[in-house]
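1. What follows is a predicted protein model with its sequence.
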Amino acid sequence: SPFDNLPAEGFRKQRYWLMAEAFARGGHTVIYWTGDFNHGTKAKRVLSVDSLADARAQGIHTRIIHVQPYRKNISFARIRSHREYAREWERTAATAIRSGELMRPDLVIVALPMIGTASAALRLRKKLGFKLIVDIQDAWPETFLRLAPRGAKWLMKFLLAKHFSAARKAYRDADLVTGVCNRYRAIAARSDFHCAYHGIELSQSAPIDDSPRRNPMRLVYIGNLGNGYDLLTPLTALAEFAKDATLDIAGGGPLEDKWRQQ
């Protein structure tokens, strides 16, 4: 997965790093593949060898793949970057295994998006014989249909037909399909689909407030500050109708400056 922040960058652990740690605690050796471009900050990753030493001591070995940057989450530039990532991952992984630098994997887990790495993993599986899990973080290429004007979704489906076909093949041919919500079960079209919701790791001392709701009402939004999420409506509602309520926002994205001004 090229999307998650890395602890070595000073960020909180996310889905795939937590997954890597769980496998490592179980006694497995983990190769964590990611890109040199940070999807969240839209900037090149700055990592030192020393910053990854703690992870190696746990049994997690990080491999970095060079990719082209992109500015928007829903864009053809992102598709091109993902295509480059998938091609380079397939080449690098196959070469490292063939040379003996890496052992043949028993299990490969690929995040979707991106579709390309799932296709590459299916090709590698034919040669190496590992188990493959496809984990759906976001419904691609279905997400791109939101960009199409009303009445033109058929055109977007036509333009992305190859991607829809590749996604269906990945779901059909993987040994298991997992996802972040049960709604993706229909997309996967698998009866053995397994849902594992997004989560974070809380410290043991983190207090949990289970008391009845206090007045004034306090709301919290945690997530991306981008075109896919409508924060303008709750901001307007709070300003006009709920003077005593508060909204705490945690996240970043292309619309952050606009929403700060609002």
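-> It's in.

2. C-alpha only now, for contacts and for neighbours.
-> Will do.

3. Quick check: which ranges of the protein have low pLDDT?
-> Across the chain, residues meeting the criterion (pLDDT under 70) sit at 49, 201-215.

4. Can you show me the strands along it?
-> For the chain, the strands defined by DSSP state E occupy 30-35, 37-38, 43-44, 60-65, 107-112, 131-136, 176-179, 194-195, 218-222, 246-250.

5. Stretch 60-71 spans what distance, first to last residue?
-> One end of stretch 60-71 sits 30 Å from the other (Cα to Cα, to the nearest Å).

6. buried set for that stretch?
-> 60-62, 65, 67-70 (16 or more other Cα atoms under 10 Å).

7. And for stretch 96-112?
-> Buried residues in stretch 96-112, counted by 16+ other Cα under 10 Å: 105, 108-112.

8. Do a quick rundown of the helices in the stretch 151-262 of the chain.
-> 153-159, 161-173, 184-188, 232-241, 256-261 (DSSP state H, counting those that start in this stretch).

9. Can I get the third one as CSV, trimmed to CA atoms?
-> Listed next in CSV are the C-alpha coordinates belonging to helix 184-188 (Å, rounded to 0.1, in the frame of the first residue of the first chain):
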residue,chain,number,x,y,z
TYR,A,184,-18.0,-3.4,-0.5
ARG,A,185,-19.3,-7.0,-0.3
ALA,A,186,-21.6,-6.3,-3.3
ILE,A,187,-18.7,-4.9,-5.3
ALA,A,188,-16.5,-7.9,-4.5
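
10. count of neighbours near Met114?
-> When neighbours are defined as other Cα atoms under 10 Å, Met114 has 26 of them.

11. cool, and Gly116?
-> 24.

12. With the one 5 residues further on instead?
-> Under the neighbour criterion other Cα under 10 Å, Ala121 is assigned a count of 25.

13. wait, doesn't it sit right on Leu132?
-> Yes: between Ala121 and Leu132 a contact is recorded at 7.5 Å, counting by Cα atoms under 8 Å.

14. hey, what's in contact with both of these two?
-> 108, 110 (Cα atoms under 8 Å, 6 or more residues apart in numbering).

15. what ranges do the helices span in the stretch 1-150 of the chain?
-> Using DSSP H, counting those that start in this stretch, the helices of the stretch 1-150 of the chain run over 15-25, 53-58, 76-99, 115-128.

16. Only alpha carbons, please: show the shortest one as CSV.
-> The C-alpha atoms that make up helix 53-58 are tabulated as CSV, following Å, rounded to 0.1, in the frame of the first residue of the first chain:
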residue,chain,number,x,y,z
ALA,A,53,15.6,0.6,12.2
ASP,A,54,13.0,0.1,14.9
ALA,A,55,10.6,-1.5,12.3
ARG,A,56,13.3,-3.9,11.1
ALA,A,57,14.0,-4.9,14.7
GLN,A,58,10.3,-5.9,14.9
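
17. just checking, Phe37 touches Arg78?
-> No: using Cα under 8 Å, Phe37 is not in contact with Arg78; the gap is 11.3 Å.

18. These two: which has the busier surroundings?
-> Ranked by neighbour count (other Cα under 10 Å), Phe37 and Arg78 place Phe37 first, with 23 against 18.

19. quick one, what contacts that one?
-> 2, 43-45, 66-69.

20. now do 10 Å
-> Counting by Cα atoms under 10 Å, 6 or more residues apart in numbering, Phe37 makes contact with 2-3, 5, 43-46, 64-70, 81.

21. Look up how far Phe76 lies from it.
-> Using Cα to Cα, Phe37 is found at 16 Å from Phe76.

22. Check Leu132 too.
-> 27 Å.

23. so can I have TSV of the helices of the stretch 151-262 of the chain showing mean neighbour count and distance to Ala196?
-> Listed next are the helices of the stretch 151-262 of the chain as TSV, based on neighbours: other Cα atoms under 10 Å; distance: least, Cα to Cα, whole Å:
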stretch	mean neighbour count	distance to Ala196
helix 153-159	14	28
helix 161-173	17	16
helix 184-188	17	11
helix 232-241	12	28
helix 256-261	10	29
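
24. With that, I have no additional questions.
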